[in-house]
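*Asks:* Let me see the structure of the following:
(one chain, ligands or ions: 2)
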Amino acid sequence: MDRECAAEGHAEAAGIPHLRVVLREHPDRAAWDRALTDAVAAHEPDLVVSAGFMKILGPTFLHRFGGRIVNTHPALLPAFPGAHAVPDALSYGVKVTGSTVHLVDAGVDTGPILAQEPVPVLDDDDEATLHERIKVVERRLLADVVAAVATRGVVSDGRKAVIPSDRT
Ligand SMILES: Nc1nc2c(c(=O)[nH]1)N[C@@H](CN(C=O)c1ccc(C(=O)N[C@@H](CCC(=O)O)C(=O)O)cc1)CN2
Ligand SMILES: NCC(=O)N[C@@H]1O[C@H](COP(=O)([O-])[O-])[C@@H](O)[C@H]1O
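*Replies:* Ligands and ions are numbered 1, 2, ... in the order given. Coordinates of the predicted model:
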């Protein structure tokens with residue numbers, strides 16, 4: 001985690017190792033990037049999943065895990081990238097937003113898209129109600145994508161990413 005959050009309690013309850021690597025506890029962003037990379041590398045992951053991780057991953061991390069980092073974003077990218085996607089969509093007045101699961105690259109929410117699903121914006125929505133409706137979709141979408149990538153891999157070619165279909 002990049003901060004204190006509910007995910008720590010969920011991980012603890014599930015017996016899943018967890019740790020916080022907090023930017024302000026390091027002399028600069030490059031040192032934080034190295035510390036985060038080393039901490040994650042210790043677990044030798046095949047796939048890194050960013051879910052509510054609210055920091056831009058740096059060059060050291062991307063060099064170590066590039067091509068196998070998945071992020072979930074609460075908007076239909078390329079619309080509304082960044083840390084405030086849900087209020088941005090509400091402010092813009094869109095009638096449909098959604099959830100995007102994508103590979104992470106050096107840009108911000110610019111990586112190749114693996115999956116998307118639309119979510120309607122209701123006239124009486126506020127940030128909390130809209131975000132919770134998006135989260136219901138993204139929890140399923142993220143789990144489905146992680147399972148598919150874990151079993152069938154992903155082929156990415158610049159802008160496009162494809163999870164080979166299950167031809168069994
Ligand atoms: N290199 C990348 N790292 C990350 C990406 C990405 O696409 N490329 N996605 C994010 C998740 N994310 C959107 O889905 C996102 C999270 C945070 C920010 C952001 O501007 N963070 C600021 C700090 C904001 C804060 O602390 O509240 C920052 O890092 O300085 C943008 C997009 C995961 N990492
Ligand atoms: N740009 C990154 C971003 O906005 N990520 C979003 O943070 C939320 C965390 O929810 P949670 O606190 O319930 O896990 C999720 O909706 C995730 O898509």
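*Asks:* Can you tell me who the residue most central in space within the chain pairs with across the strands?
*Replies:* With distances taken as CA atoms, centre = their mean, residue 71 lies nearest the centre of the chain, 2.1 Å away. On the basis of DSSP bridges, residue 71 is bridged to residue 50, residue 102.
*Asks:* So it sits against residue 109, correct?
*Replies:* Yes - assessed by CB atoms under 8 Å, residue 71 is found in contact with residue 109 at 7.4 Å. From N, CA and C alone the C-beta is placed, and that goes for glycine too.
*Asks:* Name the residues contacting each of the two.
*Replies:* Common neighbours of residue 71 and residue 109, using CB atoms under 8 Å, 6 or more residues apart in numbering, are residue 102.
*Asks:* one step back: with residue 33 as the reference, measure out to the residue nearest to the centre of the chain.
*Replies:* 16 Å (CB to CB, to the nearest Å).
*Asks:* who's in contact with the closest residue to ligand 2 within the chain?
*Replies:* Here the chain gets closest to ligand 2 at one residue, residue 52, 3.0 Å apart by CB to the nearest ligand atom. Contacts here follow CB under 8 Å, 6+ apart; on that basis residue 52 touches 5, 7, 72.
*Asks:* Leaving out sequence neighbours, find the closest residue to the first one.
*Replies:* What that stands for is residue 5. residue 52 (7.1 Å; CB to CB, 6 or more residues apart in numbering).
*Asks:* Show me which residues of the chain sit near ligand 2.
*Replies:* 52, 54, 72, 73, 74, 83, 85, 135, 138 (CB under 6 Å from any ligand atom).
*Asks:* how much space between the first one and ligand 1?
*Replies:* Read it as residue 52. Counting by CB to the nearest ligand atom, to the nearest Å, the gap from residue 52 to ligand 1 is 8 Å.
*Asks:* The residue nearest to the centre of the chain and residue 146, how far apart?
*Replies:* For residue 71 relative to residue 146 (CB to CB), the value is 11 Å.
*Asks:* List the buried residues of the helix or strand of the chain with the lowest mean pLDDT.
*Replies:* One helix or strand of the chain scores below all others by mean pLDDT, DSSP states H and E: strand 155-157, with a mean of 91. Buried positions in strand 155-157, judged by neighbour count with 16 or more other CB atoms under 10 Å: residue 156.
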